[in-house]
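In: Need coordinates for the following:
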Amino acid sequence: MNKILTILFLVIKIVAVKSDELDPYIQNVKFYVFNNITNESHISTFNESLTKFNCDPYGKFAFVIHGWMEGIYTEWVNDTIGNLTHYRGGCVVFMDYSVYSQRDYFFGLVPHFKQLASLLTERIRQTTSFFENVFMFGFSFGARLSLETGAKIGYNLIDHIQVCDPAGPGFDNEARTVDPKLSAKFVYCINTSTEYGSQYYNCHINFRMGICGRRQIGATVRPCRSHGLCPYFFNSAFENKFMPNNYYKCKSPRIAENIPDDFRMGYMETRRSYLYEGDVFIPTAKTSPWNVLNNTVL
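Out: This is a model prediction of the structure:
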């Protein structure tokens with residue numbers, strides 16, 4: 001599903017700066033803004049009110065952040081923007097830092113983490129002061145940016161963050177890594193691999209997909225290896241149900257004991273409670289839409 005052609009397309013090329021340290025990032029990072037009201041396209045800066053582009057400053061905002069080697073033309077990005085504008089409404093802001101994400105991971109991208117997170121934090125604060133209306137979704141390195149930014153905004157200020165397979169390399173066991181539970185009132189992590197994803201499960205809820213969150217039987221070649229399938233699962237979950245089923249008898253010291261049997265992975269699940277904290281195991285199938293029904297793995 002690709003609704004990008006029917007959604008407002010707005011490119012915000014940032015030109016204002018508050019810190020000399022962010023100057024090159026302001027020039028290199030683009031923010032694309034979408035809504036489902038108009039098909040007009042505009043170019044603006046964050047010095048202008050987004051009400052000009054049919055974004056309600058008191059309304060809903062969703063921020064989407066891509067991963068390594070990705071950008072605005074990545075397939076899952078377009079699907080995520082389309083799904084959020086359709087099912088959530090309001091405005092969707094996509095952060096495109098592909099000038100950096102196309103570089104070597106350890107030497108060309110990871111060293112820019114703090115500055116990219118600071119820039120995203122500044123832009124969210126310029127967009128709205130009603131952080132309870134903010135939702136964030138990030139994948140891999142973008143998941144780490146989402147979590148870091150949520151913590152910078154302030155403890156429990158953002159209502160809800162969901163992230164896909166937060167990057168492990170460069171972050172696991174590093175002092176730079178924030179506790180995900182500090183990033184929003186509710187932080188749900190979707191885990192699909194330990195090859196590139198984190199080996200730590202410390203979000204309010206960790207949806208450990210496939211074989212205990214470590215690998216997926218539907219994995220093929222890049223971009224749809226176990227790690228890369230995660231945002232495809234997230235998008236599939238808008239229309240297909242991924243529900244608890246410990247098919248592989250996975251072990252965990254923090255299994256979510258109180259989770260309802262019909263609790264869904266993904267944005268469409270609206271029940272949120274600290275009583276549900278822990279690991280939730282969900283098997284996945286070999287082919288799209290990847291959800292498993294009737295207690296069988298296909």
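
In: What pLDDT does the model give residue 293?
Out: With respect to pLDDT, residue 293 scores 82.

In: Does residue 67 touch residue 101 like I think?
Out: Yes - look at residue 67 against residue 101 with C-beta atoms under 8 Å: they come within range, at 7.0 Å. To be clear about C-beta, it is placed using only N, CA and C from the backbone, and glycine gets the same treatment.

In: what's near enough to touch residue 185?
Out: Contact analysis of residue 185 by C-beta atoms under 8 Å, 6 or more residues apart in numbering lists 156, 158-160, 272.

In: tell me which element the closest residue in space to residue 166 that isn't next to it in sequence is part of?
Out: Closest residue in space to residue 166, ignoring its immediate chain neighbours: residue 143 at 4.0 Å, by C-beta to C-beta, 6 or more residues apart in numbering. Assigned by DSSP states H and E, residue 143 belongs to helix 141-153.

In: hey, where'd the helices end up in this protein?
Out: Using DSSP state H, the helices of the chain run over residues 23-28, 75-87, 98-101, 113-127, 141-153, 230-236.

In: how about these, which one is nearest residue 200?
Out: For those, proximity to residue 200 was assessed by C-beta to C-beta; helix 141-153 is nearest, at 12.0 Å.

In: angle of that closest one against helix 75-87?
Out: Relative orientation of helix 141-153 versus helix 75-87 (axes from the mean of the first three to the mean of the last three C-alpha atoms, to 10 degrees): 50 degrees.

In: thinking again about what came up before, present the helices of the chain as CSV; the columns should include mean neighbour count.
Out: As requested, those are exported to CSV (neighbours: other C-beta atoms under 10 Å):
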stretch, mean neighbour count
helix 23-28, 16
helix 75-87, 21
helix 98-101, 19
helix 113-127, 20
helix 141-153, 27
helix 230-236, 26
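
In: quick one: low-confidence parts of the stretch 101-250 of the chain?
Out: Counting by pLDDT under 70, the stretch 101-250 of the chain shows no low-confidence range.

In: can you give me the strands for the protein?
Out: Listed in chain order, the strands of the chain (DSSP state E) span 9-13, 30-35, 41-44, 61-65, 91-96, 134-139, 160-164, 186-191, 205-209, 278-282.

In: The second one pairs with which strands, and in what direction?
Out: Read it as strand 30-35. Applying DSSP bridges, strand 30-35 is found paired with strand 9-13 (antiparallel), strand 91-96 (antiparallel).

In: If I take it and strand 61-65, what angle do their directions form?
Out: 140 degrees.

In: Just the CA trace of strand 30-35, in CSV.
Out: The C-alpha trace of strand 30-35 is given here as CSV (Å, rounded to 0.1, in the frame of the first residue of the first chain):
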residue,chain,number,x,y,z
LYS,A,30,15.2,17.6,5.5
PHE,A,31,11.9,17.3,7.2
TYR,A,32,8.9,16.2,5.0
VAL,A,33,5.4,17.0,6.3
PHE,A,34,2.3,15.2,5.2
ASN,A,35,-1.4,15.4,6.0
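
In: Distance from that strand to the middle of the chain?
Out: Centroid separation for strand 30-35 versus its chain: 15 Å, with C-alpha atoms, centre = their mean, to the nearest Å.

In: pLDDT (mean, whole number) over it?
Out: For strand 30-35, the mean confidence score works out to 88.

In: And for the first one?
Out: When pLDDT is averaged along strand 9-13, the result is 35.

In: Chain neighbours aside, what residue packs nearest to residue 209?
Out: Among residues not flanking residue 209 along the chain, residue 192 sits closest, at 4.9 Å (C-beta to C-beta, 6+ apart).
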